[in-house]
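Trainee: this is a predicted model, with the sequence first.
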Amino acid sequence: MEHFKSIIGHSPAFENVLRSAKMVAATDVTALIKGETGTGKEILAIAMQQESARKNQPFITLNCAALPEGIVESELFGHRKGSFTGANANKTGILQSADGGTLFLDEINSLPLSIQSKLLRFLESGECLPVGDTKPYKINVRVIAATNTDLTKLIAEGNFRQDLYFRLNVVPVELPSLRERAEDIEPLAKHFVDYFAKQHAINKVVFSKLAIKKLRAYQWPGNVRELRNLCERLTILLPGKTIEPENLPHEFSTGNVISNTDFALPELGLNLDVLEADLIHQALSRTQGNRSKSARLLGISRDTLLYRIQKHGLATH
């Protein structure tokens, strides 16, 4: 599992995800990676490919949001000469190019409804029908999809096929946001500054304890990608320096910072484990045991909630 070892993160929520991803990688099952933009869905998909039996076969990525609706079908399945205006030659589709390997469909939530039924047919039968052709061809491709949107909401709105969701969601893998794995921020930052110092052949920066505290308090709307970009910027602008809070961008002091609540610490203190267990119990009771809804109420990922339920030995509905 060498490729998984290169993925930085030791928080309980993240380690749970990696355990699931490792088990999925050892099989040939379709997988759906869920997570906010910038959480590292493609990096995880590559690791899953590299630890699978298809590691020496093609790995092709298609961002479903990057293509106009009119050419998505042609890109995926190919087309025959003369099948539409501008089709001046036969075109091999991405699925055929990935034969024997893995196709990573990023932002699957943006796949047009008109194409979703054709993708479902492929997942169920392995058959592809190029645009303008009458005879399908069979290929062997593993599909890993990713979404930064709650597909169940799109299903309720009529914008995503429920049957396709069930077919993709055989083994869901949900990446936590960076704010849900704050303990991983420091090792990630150290990894990135080391990497960029070598890449640009300059001295690396070092974060002070106060700067790390600021990084941990930030909400990271851009997740790991945002942290990576920050580390590259600081490495280039302040080579060899110690990064203090005043060296961080303005938003780390004024915007997207986790604010204090009205909760007042009792004078005699409290038992944090007991408080955490009680809040989890309240959330589960309020949602009739629905773990996904409880996690949202608590502002954590479902995997983090499951870990903490096990940690406290809580019984659920």
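Mentor: Nice, I can see it. Residues are numbered from 1 along each chain as shown.

Trainee: which parts of the helix or strand hosting C231 are buried?
Mentor: Using DSSP states H and E, C231 sits in helix 223-237. Within helix 223-237, the residues that qualify as buried are 223-224, 226-228, 230-232, 234-235, counting by 16 or more other Cβ atoms under 10 Å. All C-beta spots, glycine's among them, are computed from the backbone N, C-alpha and C.

Trainee: wait, isn't I8 in contact with E183?
Mentor: No - contact between I8 and E183 fails when scored by Cβ atoms under 8 Å: they sit 11.4 Å apart.

Trainee: list the contacts of the helix or strand of the chain with the lowest mean pLDDT.
Mentor: When each helix and strand of the chain is scored by mean pLDDT, DSSP states H and E, helix 2-5 comes last, with a mean of 72. Outside helix 2-5, the residues that touch it by Cβ atoms under 8 Å, 6 or more residues apart in numbering are 18, 21-22, 25, 46-47, 50-51.

Trainee: recalculate using a threshold of 7 Å.
Mentor: With contact meaning Cβ atoms under 7 Å, 6 or more residues apart in numbering, helix 2-5 is reached by 18, 22, 47, 50-51.

Trainee: quick one: the helices in the stretch 1-150 of the chain?
Mentor: Ranges of helices in the stretch 1-150 of the chain, per DSSP state H, counting those that start in this stretch, are 2-5, 12-25, 41-50, 69-77, 94-97, 113-125.

Trainee: now these in JSON lines, please, with extra columns for mean neighbour count and distance to L32.
Mentor: JSON lines is the format used below for those (neighbours: other Cβ atoms under 10 Å; distance: least, Cβ to Cβ, whole Å):
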{"stretch": "helix 2-5", "mean neighbour count": "12", "distance to L32": "18"}
{"stretch": "helix 12-25", "mean neighbour count": "19", "distance to L32": "10"}
{"stretch": "helix 41-50", "mean neighbour count": "21", "distance to L32": "10"}
{"stretch": "helix 69-77", "mean neighbour count": "18", "distance to L32": "17"}
{"stretch": "helix 94-97", "mean neighbour count": "18", "distance to L32": "18"}
{"stretch": "helix 113-125", "mean neighbour count": "16", "distance to L32": "12"}
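
Trainee: for these, which one sits closest to P172?
Mentor: Set against P172 and scored by Cβ to Cβ, these come closest in helix 12-25, at 8.5 Å.

Trainee: how far does the closest one sit from its chain's centre?
Mentor: The chain centre lies 12 Å from the centre of helix 12-25; the measure is Cα atoms, centre = their mean, to the nearest Å.

Trainee: packing partners of that helix?
Mentor: Contact analysis of helix 12-25 by 3 or more Cβ pairs under 7 Å, 6 or more residues apart in numbering; DSSP states H and E lists helix 41-50, strand 171-174, helix 302-312 as its packing neighbours.

Trainee: and of the ones you listed, who's closest to N88?
Mentor: N88 lies closest, by Cβ to Cβ, to one member of the helices and strands packed on helix 12-25: helix 41-50, at 32.5 Å.

Trainee: could you pull up the mean pLDDT of that closest one?
Mentor: Averaging pLDDT along helix 41-50 yields 95.

Trainee: can I get that helix in CSV, CA atoms only?
Mentor: The C-alpha trace of helix 41-50 is given here as CSV (Å, rounded to 0.1, in the frame of the first residue of the first chain):
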residue,chain,number,x,y,z
LYS,A,41,-10.6,13.2,-4.4
GLU,A,42,-8.4,12.7,-7.6
ILE,A,43,-5.3,12.0,-5.5
LEU,A,44,-7.2,9.3,-3.6
ALA,A,45,-8.6,7.8,-6.9
ILE,A,46,-5.0,7.6,-8.3
ALA,A,47,-3.9,5.8,-5.1
MET,A,48,-6.8,3.3,-5.5
GLN,A,49,-5.8,2.7,-9.1
GLN,A,50,-2.1,2.2,-8.3
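
Trainee: which other helices and strands contact it?
Mentor: Checked by 3+ Cβ pairs under 7 Å, 6+ apart, helix 41-50 has helix 2-5, helix 12-25, strand 31-34, strand 59-63, strand 102-106, strand 142-147 packed alongside it.

Trainee: sorry, back to before: is it possible to export the helices of the stretch 1-150 of the chain to TSV including distance to G158?
Mentor: Formatted as TSV, the helices of the stretch 1-150 of the chain follow (distance: least, Cβ to Cβ, whole Å):
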stretch	distance to G158
helix 2-5	38
helix 12-25	30
helix 41-50	25
helix 69-77	16
helix 94-97	26
helix 113-125	8
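
Trainee: nothing else from me, thank you.
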